[in-house]
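Asker: mind folding the following:
(chains A and B)
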Amino acid sequence: MQSGQPQGLTSYAEADLQIIRTMWHPGTFYWFWIMVTGLGVAVGAIAWGYQIVTGLGAANVMHPVMWASYLTNFVFWVGIAHSGTLISAILFLFRASWRTTVSRASEAMTIFAVMIAGLFPLIHLGRVWIVYWILPYPNERNLWPNFQSPLVFDVIAISTYLTVSFLFWYTGMIPDLATIRDRTTGWRSRVYGFLALGWEGSNQSWRHYGTAYLFFAALATPLVISVHSVVSWDFALGISPGWHSTIFAPYFVAGAIHSGLAMVLVLLIPLRKIYKFENLLTIYVFEQIARTIILTGLIVGYSYAVEHFMSVYSGNEPEATQYHWRMTGYYSWCYWMMVVCNVFVPIALFFKKVRTNLKALFTIGILVLIGMWFERLVIIAGTQAHEFDPYSWGVYKYPSMVEWCILVGSFSLFFFLFLLFAKFLPTISITELKEAIPPGEIKG
Amino acid sequence: MQNLNRREFLKLFGVCGTGAVLSGCSEPKRYLIPYIDPPEDVTPGVAAYYATTCRECPAGCGMIAKNREGRTIKVEGNPVQPISGGKLCMRGQASLHGLYNPDRFTGPMLRGAAGQFEPVSWEKGQTILASTISEIVRRGGAGRIVFLTDLITGSLEDMTAHWLSEMGQRNGHVVYETYAYESLRQANKAVFGNDAVPTYRFDDLDFLISFNADLLETWISNLEFARQFGDFHPIKGDKKNKFVFVGPRLSMTANNADLWIQTRPGTEYAVALGIIRAILDGGLMPAIPAGRRAYLGSITANWPVEKAAATAGCDPGMIRAAAGEFARAARPFAISDGRSMFSPNATETAVAANLLCTLNPRSLGAADFGRPHSYSKTATAESIKNLTDRMRSGEIDLLLIHRANPVFSLPGDWDFAGAMKSVPSVVSLSPAVDETSSLANLVLPTNYSFETWGDYSPRKGVSGFLQPVMGRVFNTRDMGDILVSTGKKVKGENSFPWRDFHPALQGYWMRAYKDSGGSGDFQSFWEDVLMRGGYWPESISPSPAPTIQTPAFDFPGPDQKPGKGLPVVVYPTVQFFDGRMANHMWVQEIPDPMTQTTWGGWVEIHPETAREMDLGKGDLIEMKTDFGAVEVPVLPIYTVPKGVAAIPVGQGHTRFGRFADGLPANPFKLLPPELETVSGGIRNTGIFAAVRKTGGSFDIAHTDGSFSQHGRGFWQTVSLEERNKMAASGTMPDIDYPLPKGYEESKDFYPTHEHKDYRWSMVVDMDRCIGCGACVVGCYAENNVAVVKREQVLMGREMSWIRVQRYFDDETKLARWVVMLCQHCDNAPCEYVCPIFAPQHSVEGINNQIYNRCFGTRFCSQNDPYKVRRFNWYTFSRPSPLKWQLNPDVTVRQKGVMEKCSFCIQRIIEAKIDARNKGRKVKDGDFTTACAQTCPTNALVFGSLLDPESRVSRMINDVRAYQVLVELNTKPAVIYLKRVTQEIVA
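Answerer: Here you go, the predicted structure:
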């Protein structure tokens, strides 16, 4: 049977236990990866510390490419964050049943990704120790942030997004936490009891829960659009050729969802195997994700085409030169990698054989992630390298050791947090899982 | 630890606590002012100014040194001195880096047993020198001591002569200058009967043709000539004088010409002869006397225009065009380089150019032989060769060297360094280590020009004074003092009756004053010349025109065979002169005007030739001639014709301090060792190099991102006819005024900026700009702009606030400059993107960058279409004592903040305070920015647009006015005036 319904569950207790048995008892494999990612986090932190002490010269950013890998990572991680909310909130509103089993993990992914994304503008600052000056609060300096600046929009958008995503995630988790409280004893019961905020499972609790969840879903949905639109305005509100374009907001949102879905594939396929969730994360779920990737891939491809067309059609010489240079200049290999990975590779998903082959899906997920990372690099570094003044053209050649370490650190931090999440919190919503068990199958 | 009692615990606690407090305050203790009890005339916060003379090259420009708290922080031209006229070139602006060079000798040094320099006391050093001299004097002999100096004149020359004669030496003083202009002097002797370098005056000419003389870069007195060029060449009313350059390379000077006649190296003379022939054949100048006509006819008999053009490898039409212009002009003049090392047939070219001048005797006054340049005193290469031979044969017992560096600049084949080994005693009196000084046995370091008493006369009638403008940086002494004290040691008080050099200097000038008919109080004369910076009796009447000779002269035939290999042009640059500037960090950091390259030499090859030879940018090649070889990286660029290579001199040092050493490459080592029999200069028979790729590479640290401006209107030109037509029809330029009147509802969303009292603005006249880069060094010095060095320039991290961008015209491949600095836009794209208002629009229209407010998002730079904002990637620092040069009025920026041109806001504030004290507003011309101040051609003009009478207010309505990237609606307050082009046709 093709559906997103969980398979082979015959009682609520079974559902509870299948999820709860994955928690707390780390094996060697888990310890290995938590060590590896923990080490990666340490490497990234040391690299950042080194950069703060020596100055941003530690990264290979230069004049004119003042923004490079850090803001590429920033946009990349914000993009990753998007699909989480998309899956859990938008699909919730649309009652797409296949989302049930993946929503919790993708929400967690959202929160971790936003947290990491939020770090990158800080890493990228010249003098991070006074970053709080950007916050609008009455202060003894008698200074106020500049609300004309897209960077101030960013601060507001990202912090709002993080707050709402967290609340949405946490609200959805309260009944699960209560379930865990009830199924455990000792300190676990006490800790999860505290986190469950006194959940009683009463009718009233469920009614409030349902309403709150719906509201948060409704609140999170426009944020998916707005946050990445705001991120795109960091570029579109500038005047640089290659940035100054009205297409940027929808183009960035589509790109964000594209990369986010790819990240969902990359995370869930191993999770399914390791936790033996084949009955929950059915092939049908993956197929649906793959179909959405086709759509976002086509939107992204269309955006590329429109950008190029407009650059030529507008008769704007710096703009036309910019796009021509993207295809032929120093970053051309990044550009073609981006086109192939983001637009052409997902076309393979039109074939059902590919859509249902987990190995292929995993590979495509990785490729799209790489492609989307390079898209951000091409947009950010490529534009700056080739702006209005030809005398000041210059290229950011490659990331420095510090940048590599911070990149590794950011991925490590993501997986480190995800690993912690996998052992300390239910990775699949138990509540929704139980709701999704067809009533006829319930025996106990 | 177990037995720790209370007392011990407290002790330990105290130690740890103090340690923590100390390490918390890790900033080293610093003093705001270098004095505990300052001298009377030092007021903290108030600058003192002293006049002195630039000694970075023999041009001798007058300088005003600005002192703050006892340290010289900036130099500017002395406005009353006739050579500098208030301006300085890049080298003059950078002279402070010679003073504060961290690689200067810190005190007297003696070569120890291990071959290393070891510090000794002055007493001991001078005693050693005195005993060496005494020994030589005891043994006798009139030519045993040689004093090899750079070009010194006046009292110091006098003292040197006195010292040598007291020691019983004859002809012991050898003035070594790399550029001795032997060919020019010889040609002047041949044609004008004067073996001298004259004083030139170009500002009242109406046509000038230069045969490879880079008069705007290093030739004789380049700053003075650049100033004169600023009067000669730019458009005046509706007229523009014409300038033609003949030579093998598109030098900075060539690029300022209306016509560049490309020639094969060493064939410029053919063009000159062809021009004479064209004038004679065409009867273009009927006034030439018959005798002269016959003489010139016979000289040019073999040189019909076609043949001359074929020899030179140029278009005969160009020769005819130049001839036509020369004939039509009322006051035409021709000059030639006259440095035989740089070009084959330099003497022939100089003679031919002089012969060309004789066609129009009315303008011969442009070369005044009554006021010879001091270059005329320099030793020819021939006498240096003789000296080398004498040294090698053991005829010399003591060689004293002062600021001369022949080991670097003589042909490698002469092996001056080897010859020095045959001299038992070599004593260096140079202030800083160089290739020659590093071979000395004893170093008695002299003061830098800023620390010394003295005078220097670049030409007859002009004497610049030197006075110690600040205390000594290192343990050094005046050269004069060393002469006096060693003289006393050897010959006693009677022969050297002065306390030190200062009374001798005064005595010299007292005599000079009396001789020149001065009868007033010497003391007031003395104080006056010190204050004014020198003595230049105004009433020097121009000397009578020279008598024109008719020398018999053999010009090389038109069918010389070229040598084998790639022809190489060796040329000097405005930055490095003969290499003596290479240890000045600023000079290394500022891009070369034509190639935009920093920190290291290169070989220019035409891009097509490079492609044919399979050479890419940065490929290291070995260029080998019969006399030497250099390894140098390739730079494919349009400054040389196809099939020709060009290498600048100045780099390739081995013992010249940390900033100069190890950079490629020194082309002096490729020069042939022979001498020209006629002039006594080095005979360049044509340098033809065998080229071999070494396989290595040396990244060229250039600052330009593109040769072409891609049609974006950074540089714009207008032809003279077009300009005159527009001016006649009363056309107004299309300018978005950086004023409320520049705003239109149709394209402006935000309200206008209201200005209070002033709206600062700058006009850059690109018809005046010669691309020399003096403004850039002026800015570095004034605004504490950091020098980032080669590795960071390669990363694109240079910090210049102002730059002279070089593009090439897509069709003609001539270079076009544009001076780019912060445009202080009225509608600035950098301002609105900053999240925390670090860039702030002031009420005087300035785009202020508030360093303390900036936390380094770098968005402003991203959104800056002119790319003039610079980010501090590190806390850039300066090795001591270079940091003494820092301007205390300007914040030194730390890592993580953005910076950019401030329109010298500290000067604005100073001027406003000054005006307020006088109870008025700042007037146009009260002050100017550092860049505009030093511009030799006055291409930069600064002022307020709210003053309708200011120069900028008038200039922005010139028909030539334009703004860069005006289509972005930024409303720049830096407004450019188009370069005026004119065609030179027959």
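Asker: which residue comes closest to whichever residue of chain A sits closest to chain B once chain neighbours are left out?
Answerer: Chain B sits closest to residue A:126 of chain A, with a gap of 1.8 Å, by Cβ to the nearest Cβ. In short, each C-beta sits where N, CA and C put it, glycine included. Of all residues not flanking residue A:126 in the chain, residue B:856 sits nearest, at 1.8 Å (Cβ to Cβ, 6 or more residues apart in numbering or on different chains).
Asker: burial count for the one you found?
Answerer: When neighbours are defined as other Cβ atoms under 10 Å in any protein chain shown, residue B:856 has 23 of them.
Asker: for residue A:330, same thing?
Answerer: Neighbour count of residue A:330, defined by other Cβ under 10 Å: 18.
Asker: does residue B:339 really touch residue B:684, like I thought?
Answerer: No - contact between residue B:339 and residue B:684 fails when scored by Cβ atoms under 8 Å: they sit 9.1 Å apart.
Asker: dump stretch B:961-971 to PDB, restricted to CA.
Answerer: What follows is stretch B:961-971, C-alpha atoms only, in PDB (Å, rounded to 0.1, in the frame of the first residue of the first chain):
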ATOM      1  CA  ALA B 961      32.300  68.200 -16.100                       C
ATOM      2  CA  TYR B 962      31.100  64.700 -15.500                       C
ATOM      3  CA  GLN B 963      30.400  62.400 -12.600                       C
ATOM      4  CA  VAL B 964      31.400  58.700 -12.400                       C
ATOM      5  CA  LEU B 965      28.500  56.300 -12.500                       C
ATOM      6  CA  VAL B 966      26.000  59.100 -12.400                       C
ATOM      7  CA  GLU B 967      23.300  56.700 -13.600                       C
ATOM      8  CA  LEU B 968      23.200  55.200 -10.100                       C
ATOM      9  CA  ASN B 969      21.900  58.500  -8.800                       C
ATOM     10  CA  THR B 970      24.500  58.700  -6.100                       C
ATOM     11  CA  LYS B 971      25.100  62.500  -6.700                       C
END
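Asker: and it, how far from the chain's centre?
Answerer: Relative to its chain's centre, stretch B:961-971 lies at 33 Å (Cα atoms, centre = their mean, to the nearest Å).
Asker: what bridges to residue B:622?
Answerer: Beta-bridge pairing for residue B:622 (DSSP bridges): residue B:631, residue B:692.
Asker: from the contact counts, what lies against the helix or strand encompassing residue A:299?
Answerer: Secondary structure assigned from DSSP states H and E places residue A:299 in helix A:283-313. Identification of packing neighbours for helix A:283-313 by 3 or more Cβ pairs under 8 Å, 6 or more residues apart in numbering or on different chains; DSSP states H and E yields helix A:100-124, helix A:248-274, helix A:317-328, helix A:345-347, helix A:352-355, helix A:358-377.
Asker: so chain B: which segments form each domain?
Answerer: If you go by automatic domain parsing, the domain ranges for chain B are B:183-375, B:566-658+B:685-696, B:717-981.
Asker: quick one: the helices in the stretch 101-250 of chain A, in order.
Answerer: Here the stretch 101-250 of chain A has its helices, by DSSP state H, counting those that start in this stretch, at A:150-183, A:186-195, A:203-236, A:248-274.
Asker: if you compare these, which one is most tucked away?
Answerer: Mean neighbour count (mean count of other Cβ atoms under 10 Å in any protein chain shown) peaks for helix A:248-274 among the helices of the stretch 101-250 of chain A, with a mean of 23.
Asker: chain center to that helix, what's the gap?
Answerer: For helix A:248-274, the distance to the chain centre is 7 Å (Cα atoms, centre = their mean).
Asker: tell me if it is near chain B.
Answerer: No - with Cβ under 8 Å from any Cβ of the partner chain as the criterion, chain B is not reached by helix A:248-274; the gap is at least 14.7 Å.
Asker: Provide the secondary structure category for residue B:689.
Answerer: Secondary structure assignment for residue B:689 (DSSP: H, G, I helix; E, B strand; the rest coil): strand.
Asker: ok and the residue in chain B nearest chain A?
Answerer: With Cβ to the nearest Cβ as the measure, residue B:856 is the residue of chain B nearest to chain A, at 1.8 Å.
Asker: angles on the backbone of residue 425, please.
Answerer: In the absence of a named chain, chain A is used. Backbone torsions for residue A:425, taken as degrees, to the nearest 10, come to phi -130, psi 160.
Asker: chain B, not that one
Answerer: phi -130, psi 120.
Asker: give me the number of residues near it?
Answerer: Counted by other Cβ under 10 Å, the residues lying close to residue B:425 total 19.
Asker: in contact with the nearest residue to it once chain neighbours are set aside, which residues?
Answerer: Excluding the flanking residues, the one nearest residue B:425 by Cβ to Cβ, 6+ apart is residue B:398, at 4.6 Å. Residue B:398 makes contact with B:132-133, B:136, B:144-146, B:423-427 under the criterion Cβ atoms under 8 Å, 6 or more residues apart in numbering or on different chains.
Asker: between those, which sits nearest residue B:98?
Answerer: The shortest approach to residue B:98 among the contacts of residue B:398 belongs to residue B:427, at 21.1 Å (Cβ to Cβ).
Asker: the closest one: how many residues sit nearby?
Answerer: 25.
Asker: so it lies in a strand, does it not?
Answerer: Yes - the assignment for residue B:427 (three-state DSSP) places it in a strand.
Asker: how confident was the prediction at it?
Answerer: Note for residue B:427: predicted pLDDT of 95.
Asker: again with residue A:256
Answerer: Here the pLDDT value assigned to residue A:256 is 88.
Asker: can you name the residues that contact residue 397?
Answerer: In the absence of a named chain, chain A is used. So residue A:397 contacts residue A:60 (Cβ under 8 Å, 6+ apart).
Asker: wait, I meant chain B there
Answerer: By Cβ under 8 Å, 6+ apart, residue B:397 lies in contact with B:132, B:136, B:139, B:141, B:144-145, B:423-425.
Asker: rerun at 10 Å
Answerer: Counting by Cβ atoms under 10 Å, 6 or more residues apart in numbering or on different chains, residue B:397 makes contact with B:132-133, B:135-136, B:139, B:141, B:143-146, B:423-425.
Asker: backbone torsions only: list them for it.
Answerer: phi -100, psi -30.
Asker: got any ranges where the stretch 1-150 of chain A has weak pLDDT?
Answerer: A:1-10, A:15, A:18-19, A:95-100 (pLDDT under 70).
Asker: and it, which of its residues are near chain B?
Answerer: Residues of the stretch 1-150 of chain A lying close to chain B by Cβ under 10 Å from any Cβ of the partner chain are A:52-67, A:71, A:121, A:124-135, A:141, A:143-150.
Asker: narrow the residues you listed to those in strands?
Answerer: Judged by DSSP state E, the residues of the stretch 1-150 of chain A next to chain B include no members of strands.
Asker: what about residue 41, neighbour count?
Answerer: I went with chain A, as the question did not name one. Per other Cβ under 10 Å, the neighbour tally for residue A:41 reads 20.
Asker: I was thinking of chain B, sorry if that wasn't clear
Answerer: Residue B:41 has 9 neighbouring residues, counting by other Cβ under 10 Å.
Asker: that one touches residue B:67, doesn't it?
Answerer: Yes - the pair residue B:41 / residue B:67 is scored as a contact, 9.4 Å apart, by Cβ atoms under 10 Å.
Asker: ok, now which ones touch residue B:582?
Answerer: By Cβ under 10 Å, 6+ apart, the residues touching residue B:582 are B:408, B:434, B:575-576, B:588, B:601, B:649-653, B:656-657, B:659-661, B:663, B:666.
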